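# I'll drop the sequence and a predicted model, then ask my questions.
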Amino acid sequence: MKQPFLSLWLGGVLFAASVFAVSAAEFSLQQTLSAAEHYSAELSANRNQSNALNAMADSARELPDPKLKFGIENVPVQGSNGHRFTREGMTMQRIGIMQDYVSREKRDRKAETILAQSASSQAKAEVIRATLQRATAQAWLDLALSTKALEAARKLVAETERQVGVQKATVASGSSPASGVVDIRMALLAMKDKATLAGRDVTLAQTRLLQLTGEQIDAVSGALPRYQRLPADPSLLEQSVTEHPEVIEAARESDVAKARSAQFAVAAKPDVGVEVYYAHRADDYDDMAGVMFTVDLPMFKSQRQDKDYSAEVSRSMEANDRLALAKREHVALVRSLVAEYQSAQTLWLRQREEILPLQRQRLSLLEAQYRSGQSTLAELLEARRTLLDTELAANNAEKAVAQAWAAIRYLKPQENTL
C-alpha cells in the first residue's frame, strides 16, 4: 500500500513543479521581442496581403481569358417561315472564340502599380514591427522595474512588521505609551497600500506582455538594456529620419501614386478584340465562317481618360507632399523624444543620487536616535514612509527614462540576435 501512495505523491510533486515552472516563466528582452513577432496577427495579415499583391501582379501581365461565343442568328419571326430554323437561308447556328488583346505596355503598367502596392505593404510591415517592438520593450522594462519597486516596498514593510513586536514589548514594560502600537500599525497599513499598488503595476505589465506575446511572462531574465544613456547621438538620430519605417512607408505610397499616374497615362490606348466563328446553316445552304474585330474608340479622351490621368497626377503630388510632411513630423518627434528622455534622466538621477541617499541617511539617524531615546516613534515612522515614497518616486522616474529610451531605440525595428 505504501509504494503506490509514494509513487502518486512523487508524481504529484513533479507535476506541481512542472506547472510552477511553466507559470513562472522568465523571458529575456530578446526572447520577448521574438515571441511578440511570432504571435502578431497584424504581421501575419500583412504578409498575406503582400503575397496576394505579388500574385496579382503576375496575373496582371497576362491577357484576359478567351471567350466562347455560341447561339442562333437570324431566326425569322414573321411570315410562313416564322420561328423555323431550317427554312431561311440566313438562319445560322453560330459558335466562335473571342480574344481581347490588351497592349503589353498597359499590362506592364498595371503590374507595376500592383508591385508598388506590394512594396508599400512590405513597408507597412516595418511600421508594424517597430510599433510592436517598442510596445513590447516598454512592457518588458515596466515589468522589470515594477518588480524592483515591489521588492523594495515589501522590504520596508517587513522591517516595519518586525518592530510591531518590539513596540508591544515596550508598551507592556511601560516604557512607551500604548498609542505607539496603534501608530505603528497605521504606518504599516499605509506601507502595505504602497506595496499593493506596486503589485498592481507588476500584474498590469504581465497582462500587457501576455496580450503582446501570448506568453505568461511572470518575470524577466538577463541583463537590462543600457537605458541610462541615449541609443545614439541626437544629431545622428535626426539624420536617420529617412530610415524610419513611417517615412519609408510614405515614400512607397508616393511610388504607388506615380505608378498609377503612369498606368492612366496609357489608358487611352485602344484594346483590340478578335473573334473567329463558324456558322452552320440548314442542309440546303452552305455553312459560313468569319472573323470580326472590335477596337476601342477613345473619341472623348479629354472628358474621360485625360481627366482620370490628371486626377492621378494630382494624387501623386499629394503623396509627395505627405512624404515631406512625414519627414518633418519625424524630425520633430525625434527632438521631442530626446527632450523627454533628457528631462526624465535628470529627474531620475537627482532622485537616485541625491534625494534617496539623503532619505536613507535621515532614517538611519532617526533609528539611532530612537534607540537612544532622542527621537519619537512618530518621527521614525514618518521617516520610513517618506523613504518608501521616495524609493517609489525614484522607481517611477527610472520607468520614465526606460520608456523614453525604448521609444527612441525602437523608432526603427531592430533585428533579434536569437
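Structure received.
# contacts and neighbour counts: CA atoms only from here.
Fine.
# for this structure, give me the ranges with low pLDDT.
1-24, 80, 82-83, 85, 87, 164-181, 416-418 (pLDDT under 70).
# quick one: the helices in the stretch 151-300 of the chain?
179-213, 234-239, 245-265 (DSSP state H, counting those that start in this stretch).
# tell me the buried residues in the first one?
This means helix 179-213. 180-181, 184-185, 187-188, 191-192, 194-195, 198-199, 201-210, 212-213 (16 or more other C-alpha atoms under 10 Å).
# now the shortest one
Neighbour counts over helix 234-239 (16+ other C-alpha under 10 Å) mark 237-238 as buried.
# with residue 194 as the reference, measure out to residue 322.
Counting by C-alpha to C-alpha, to the nearest Å, the gap from residue 322 to residue 194 is 48 Å.
# my guess is residue 263 contacts residue 106. True?
Yes. Assessed by C-alpha atoms under 8 Å, residue 263 is found in contact with residue 106 at 6.7 Å.
# and the contacts of stretch 218-233?
23-29, 140-141, 143-144, 147, 206, 341, 345, 401-402, 405-406, 408-409 (C-alpha atoms under 8 Å, 6 or more residues apart in numbering).
# at 6 Å instead, please
Outside stretch 218-233, the residues within contact range by C-alpha atoms under 6 Å, 6 or more residues apart in numbering are 24-28, 402, 405, 409.
# let's see if you can find the most crowded of the residues you listed.
residue 405 (28 neighbours; other C-alpha atoms under 10 Å).
# tell me the buried residues in the one helix or strand that one maps to?
Here residue 405, judged by DSSP states H and E, is contained in helix 377-409. The neighbour-count check on helix 377-409 (16+ other C-alpha under 10 Å) flags 377, 380-381, 383-409 as buried.
# one more: stretch 149-162?
Quick answer for stretch 149-162 (16+ other C-alpha under 10 Å): 149-150, 152-154, 156-157, 160.
# tell me which of the residues you listed is nearest to residue 253?
residue 149 (45.4 Å; C-alpha to C-alpha).
# helix/strand/coil for that closest one?
When classified by DSSP: H, G, I helix; E, B strand; the rest coil, residue 149 comes out as helix.
# what about it, distance to residue 157?
12 Å.
# cool, residue 62 as well?
75 Å.
# for residue 56, same thing?
Counting by C-alpha to C-alpha - residue 56 and residue 157 are separated by 65 Å.
# same deal with residue 339?
Using C-alpha to C-alpha, residue 339 is found at 36 Å from residue 157.
# equivalent analysis for residue 270, please.
Residue 270 is 84 Å from residue 157, by C-alpha to C-alpha.
# quick check on the spatially most central residue of the chain: phi, psi?
Nearest to the mean C-alpha position of the chain, by C-alpha atoms, centre = their mean, lies residue 132 at 3.6 Å. Here is the backbone geometry of residue 132 (degrees, to the nearest 10): phi -70, psi -50.
# now it: how far from residue 209?
Residue 132 is 11 Å from residue 209, by C-alpha to C-alpha.
# could you do residue 297 as well?
For residue 297, the distance to residue 209 - C-alpha to C-alpha - is 61 Å.
# same check on residue 185?
36 Å.
# what angle do the helix or strand containing residue 113 and helix 245-265 make?
Assigned by DSSP H and E, residue 113 belongs to helix 104-172. Compare the direction of helix 104-172 with that of helix 245-265 by axes from the mean of the first three to the mean of the last three C-alpha atoms, to 10 degrees and you get 160 degrees.
# which helices and strands sit right next to helix 104-172?
helix 41-60, helix 179-213, helix 245-265, helix 377-409 (3 or more C-alpha pairs under 6 Å, 6 or more residues apart in numbering; DSSP states H and E).
# give me the angle between the second one and helix 377-409.
Computed by the same axes, to 10 degrees, the angle separating helix 179-213 from helix 377-409 equals 10 degrees.
# what packs against helix 179-213?
Against helix 179-213 (3+ C-alpha pairs under 6 Å, 6+ apart) you get helix 29-39, helix 104-172.
# can you dump the C-alpha coordinates of the shortest one into PDB?
What follows is helix 29-39, C-alpha atoms only, in PDB (Å, rounded to 0.1, in the frame of the first residue of the first chain):
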ATOM      1  CA  LEU A  29      14.200  41.000 -23.700                       C
ATOM      2  CA  GLN A  30      15.200  39.300 -27.000                       C
ATOM      3  CA  GLN A  31      13.000  36.300 -26.300                       C
ATOM      4  CA  THR A  32      10.100  38.600 -25.500                       C
ATOM      5  CA  LEU A  33      10.500  40.500 -28.800                       C
ATOM      6  CA  SER A  34      10.800  37.300 -30.800                       C
ATOM      7  CA  ALA A  35       7.700  35.900 -29.200                       C
ATOM      8  CA  ALA A  36       5.800  39.100 -29.900                       C
ATOM      9  CA  GLU A  37       6.700  39.000 -33.600                       C
ATOM     10  CA  HIS A  38       5.700  35.300 -33.900                       C
ATOM     11  CA  TYR A  39       2.400  36.000 -32.100                       C
END
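# what's the burial count for residue 268?
19.
# how far away is it from residue 303?
Applying C-alpha to C-alpha to residue 268 and residue 303 gives a distance of 11 Å.
# before we move on, what SS does residue 99 have?
When classified by three-state DSSP, residue 99 comes out as strand.
# might one say that it is in contact with residue 66?
Yes. Residue 99 lies in contact with residue 66 (C-alpha atoms under 6 Å); the separation is 4.6 Å.
# roughly how far does the residue nearest to the centre of the chain sit from residue 52?
In terms of C-alpha to C-alpha, residue 132 sits 23 Å off from residue 52.
# repeat for residue 121
For residue 121 relative to residue 52 (C-alpha to C-alpha), the value is 11 Å.
# the more surrounded of these two?
Neighbour totals were compared for residue 121 and residue 52, and residue 121 leads with 22 against 13 (other C-alpha under 10 Å).
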